[in-house]
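# Turn this into a structure:
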Amino acid sequence: MNNLSYTIEEIAGILKVSKLTVYGLIKKGKLPAYRVGRQMRVDAADLEVYKSNTKGRERENPILPNADLSRSQEEQVQHAAASGQSIIISGQDMCLDILAKHVEKRTIGYRPLRSYVGSLNSLISMYRGEADIVSVHLLDGDTGEYNVPYVRKILVSHRYVIVNLLSRRAGFYVAKGNPKQIQTWEDIAKPGVRMVNREKGSGARVLLDEQLRIHNIPAKKIIGYDKEESNHLGVAGSIASGEADAGIGIEKAAAIVGVDFIPLIKERYDIVMIKSPHNEQLIETMIEVLQSSSFQHEVRSIGGYDLSQTGRIIYETE
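Numbering: from 1, shown residues only. The predicted structure is shown next:
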């Protein structure tokens, strides 16, 4: 067991909690962890100590007294603290991985941890105090506004700032040549068209459900509405393999997987941060990184993104 270690996903499965909960334990120093490349890992021995010390307590409020730590575990906790404050960046776009890298390079004050959770679920996690930076692309069908209406409703009683990360095109993934001639929202309800959906709580799922509501299309008319994938690449992959005829996602994944893309909307992709005295430096650092030429150059080199508003404050509370 001494040589065995687990990924964050494996720890979440063992403890039967979310990945964000595991990140929260690491951030608070309650579960010692270390980085291997871009991946966080936890030693099996440390997990057993954690489980032993939390037995009989609520998982949502675990405690790991420092007095019960071995010397090596104490050193790991001290090293984590010395290497900077852990911050959880939640969202699925690859530009967030680039953002985390630039934050870590720019300052020793922060140690970014990545959580790959959809927009709506990320906001709920922020409300619970389980994430520091969340990315959102949530369309309000009634107003045509992105993100602000949802943040207002979910982060009630919180002070926050919404900053633009980038804009990007969203639309349908279809097979090469678009053999089913899918062009509009109504087309996915045509007989014989099989769809693959995104998971509940993702921005792409909200986009689809809002469009179905606006166009009065019953979900039960869509073949495959209940078939879900957890990311854009998974949806595009289902189209490429012939398992489905259409799916919702962003342009970049279509190019990576090799399927055709039918653009339908330009979505604004923002990040949200809680405003507090403790977070003042974090907010300043994030805006500096977003506005930096080095970050924007790297993201622009990927292609498919509009950075004309990157780093601009979209909305903030007093």
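
# At which residues are the helices of the stretch 151-300 of the chain located?
Taking DSSP state H, counting those that start in this stretch, the helices of the stretch 151-300 of the chain run over residues 203-214, 232-240, 251-257, 280-291, 293-302.

# could I get these as CSV with mean neighbour count?
(Glycine included, C-beta is placed from N, CA and C.) As requested, these are arranged in CSV below (neighbours: other C-beta atoms under 10 Å):
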stretch, mean neighbour count
helix 203-214, 20
helix 232-240, 23
helix 251-257, 20
helix 280-291, 17
helix 293-302, 14
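
# Nearest approach to residue 28 belongs to which of these?
Distances from residue 28 to each of these were compared using C-beta to C-beta; the shortest belongs to helix 280-291, at 16.3 Å.

# Show the average pLDDT along that closest one.
Along helix 280-291, the predicted local confidence has a mean pLDDT of 95.

# between it and helix 293-302, how many degrees?
Helix 280-291 runs at 50 degrees relative to helix 293-302, counting by axes from the mean of the first three to the mean of the last three C-alpha atoms, to 10 degrees.

# Look up the closest residue to the spatially most central residue of the chain, ignoring the ones flanking it.
With distances taken as C-alpha atoms, centre = their mean, the residue of the chain nearest its centroid is residue 91 (1.3 Å). Leaving aside its sequence neighbours, residue 91 sits nearest to residue 135 (C-beta to C-beta, 6 or more residues apart in numbering; 3.1 Å).

# and the helix or strand containing the one you found, how far from the chain's centre?
With the criterion set as DSSP states H and E, the secondary-structure element containing residue 135 is strand 133-136. Centroid separation for strand 133-136 versus its chain: 7 Å, with C-alpha atoms, centre = their mean, to the nearest Å.

# Show me the shaky parts of this structure.
In the predicted model of the chain, residues 1-3, 37-38, 55-84 satisfy pLDDT under 70.

# Phi, psi for the residue nearest to the centre of the chain please.
Dihedral angles of residue 91 (phi, psi; degrees, to the nearest 10) stand at phi 150, psi 170.

# Do I have it right that it meets residue 122?
Yes. Residue 91 is in contact with residue 122 according to C-beta atoms under 8 Å; the separation is 6.2 Å.

# between these two, what contacts are shared?
Shared contacts of residue 91 and residue 122 (C-beta atoms under 8 Å, 6 or more residues apart in numbering): 115, 134, 135, 136.

# who are the neighbours in contact with residue 98?
Residues in contact with residue 98 (C-beta under 8 Å, 6+ apart) are 295, 298, 299.

# For the nearest residue to residue 35 once chain neighbours are set aside, give the beta-bridge partners.
When the adjacent residues along the chain are set aside, residue 35 lies closest to residue 41, with 7.6 Å between them (C-beta to C-beta, 6+ apart). When assigned by DSSP bridges, residue 41 has beta-bridge partners residue 7, residue 34.

# Next up, the contacts around residue 41.
If a contact means C-beta under 8 Å, 6+ apart, then residue 41 has 5, 6, 7, 33, 34, 35 as its contacts.

# what about the first one, neighbour count?
The criterion is other C-beta atoms under 10 Å. On that basis, residue 5 has 19 neighbouring residues.
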